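Colleague: Here is the input, now give the coordinates:
(4 chains)
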Protein chains: 2
Amino acid sequence: MVARDVEAVEARVSAPEDSVSTDRRPRADAVRNRDLLLSAAAAAFAARGADVPLEDIARAAGVGIGTLYRHFPTRDALVEAVYRYEVDVLCERADQLLEEMPPDLALAEWMQLFVRHVATKKGMLSALKPLLSSNPSFSDQTKGRAQAAATKLLNAGVAAGTVRADVDGADLLRAVGGICMSTDQERSEASERLVGLLFDGLRHGAAGSQVSG
Amino acid sequence: MVARDVEAVEARVSAPEDSVSTDRRPRADAVRNRDLLLSAAAAAFAARGADVPLEDIARAAGVGIGTLYRHFPTRDALVEAVYRYEVDVLCERADQLLEEMPPDLALAEWMQLFVRHVATKKGMLSALKPLLSSNPSFSDQTKGRAQAAATKLLNAGVAAGTVRADVDGADLLRAVGGICMSTDQERSEASERLVGLLFDGLRHGAAGSQVSG
DNA sequence: TTGCAAAACGGAGGGAACCTCCGGTATACT
DNA sequence: AGTATACCGGAGGTTCCCTCCGTTTTGCAA
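Modeller: Got it, this is the predicted structure:
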């Protein structure tokens, strides 16, 4: 690995025109098509399960099947990319929510978003589970990012004095995730109610009522 | 159900030739081929996962693909039948073990068999899980039979004074199943060790040390 | 034992989905 | 503006699914 990096650097120094092939900006249509494919795939997986024909996804995205396979060589690669993409969207929403409303409301809203996020992933769960267990780094990365977003929301609430301080992001995700998992099948309103309850608990011991620390 | 039985009996009495079509003994080759298919499918699912081509299974069983589809119209039907079949085998082994050795040893042996049973089902789990959740009666039946076998072993041990009396079949299966599920992937020796530990616990408070009951 | 009708056998073949390959095309750099 | 590079997209080979139907076996009755 180190040797290869050295070679790459030397090549760039001694022959600048070589850097073109190394970090040339991706073509605009490639970027556009990749996004189209990801959102089409996300919709298809959520609506029709994990074994929707890839040709349907390509058609829905308005690209050829060859383009889909160039961007995502295997079905697993597509599933993984969709999952990363949706986790990204969810985490970005955390920042947006914090700008739009007080931290505690942002946290409540985000927890509900998380519930719906998990609900729409039910369909692709059978394809996702092997990926998560066979690829620890992928699992760790997505989990880490979600925890970071949760922690950010919690900390903002703590700083504003509207959320208790003795819960961290990992705990929060475990609790919400557990609720989503335990309420089987199609009953998201139950999940949302339970998460609402959990949120009230988070608000309970906020600020002044915490005596020490 | 009762009404149908009555009709069948009446038909047999009033028109004996009709009984041919109602309860004619299944043809010998049909029975044989069904068994061949079940064992071939069990081996294939265990070795190659749940999405092995059905044509391979038919070939391994030495029958045509048409025969496979007549016996098991859908892939799910085959998976379900294999699962029933293997649960049957496991439960029958419980009776055999009770005849071959003292109850406590039979119980220990059967728990280890159960661990291996679950381990070989890992491959078909992805196909089995939807079946179990979408078909409660199937799930209940197999669970019920396994619990009956476990209870029988436990009771024999209790009667012999070598197994404690405050655990029932459902508890035992939950515990062993939990151990199998928690020890992820390919590490059956860990499961076997934990189950051995559990068994020692079962033996612990046996006979005289139980004061009342 | 023999005949027959019901039931099972097994493979050919149409259809669906997967994935590869390659000629044509758009675009990022000089 | 020119050009090499990367991308586009669909035709087509392969694999698997499942059905259909002519052939063969077998259980039952005379």
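
Colleague: least trustworthy helix or strand in chain A by mean pLDDT?
Modeller: Here the helix or strand of chain A ranked lowest by mean pLDDT, DSSP states H and E is helix A:2-14, holding a mean of 32.

Colleague: Report the rounded mean pLDDT for stretch A:69-85.
Modeller: Throughout stretch A:69-85, pLDDT has a mean value of 92.

Colleague: what sits against residue A:97?
Modeller: A:105-106, A:109-110, A:153 (Cβ atoms under 8 Å, 6 or more residues apart in numbering or on different chains). For the C-beta atoms, the positions are set from N, CA and C on the backbone; glycine is no exception.

Colleague: how close does it get to residue A:114?
Modeller: Per Cβ to Cβ, to the nearest Å, residue A:97 is found 12 Å from residue A:114.

Colleague: quick one on the thing from earlier: quick check, nearest of the contacts of residue A:97 to residue B:120?
Modeller: Nearest to residue B:120 out of the contacts of residue A:97 is residue A:110 (Cβ to Cβ; 42.5 Å).

Colleague: my guess is the closest one contacts residue A:95, does it?
Modeller: No: counting by Cβ atoms under 8 Å, residue A:110 does not reach residue A:95; the two are 10.1 Å apart.

Colleague: which one of those two has more residues nearby?
Modeller: residue A:110 (25 against 13; other Cβ atoms under 10 Å in any protein chain shown).

Colleague: Which helix or strand contains that one?
Modeller: Assigned by DSSP states H and E, residue A:110 belongs to helix A:103-121.

Colleague: Check residue A:167 too.
Modeller: Going by DSSP H and E, residue A:167 is not in any helix or strand.

Colleague: got the contact list for it?
Modeller: A:154, A:202.

Colleague: Which residue, other than its chain neighbours, is closest to residue A:60?
Modeller: Using Cβ to Cβ, 6 or more residues apart in numbering or on different chains and skipping the chain neighbours, the partner closest in space to residue A:60 is residue A:40 (4.2 Å).

Colleague: Go ahead and confirm the one you found touches residue A:55.
Modeller: No: counting by Cβ under 8 Å, residue A:40 stays clear of residue A:55, with 11.7 Å between them.

Colleague: Pick out whichever of these two has more residues nearby.
Modeller: residue A:40 (20 against 11).

Colleague: Mind telling me what element the more buried one is part of?
Modeller: Per DSSP H and E: helix A:28-48 holds residue A:40.

Colleague: Give me the angle between that helix and helix A:103-121.
Modeller: Between helix A:28-48 and helix A:103-121, the angle comes out at 80 degrees (axes from the mean of the first three to the mean of the last three Cα atoms, to 10 degrees).

Colleague: roughly how far is the helix or strand following helix A:28-48 from the heart of the chain?
Modeller: Using DSSP H and E, the helix or strand that follows helix A:28-48 towards the C-terminus is helix A:54-61. Centre-to-centre, helix A:54-61 and its host chain are 22 Å apart (Cα atoms, centre = their mean, to the nearest Å).
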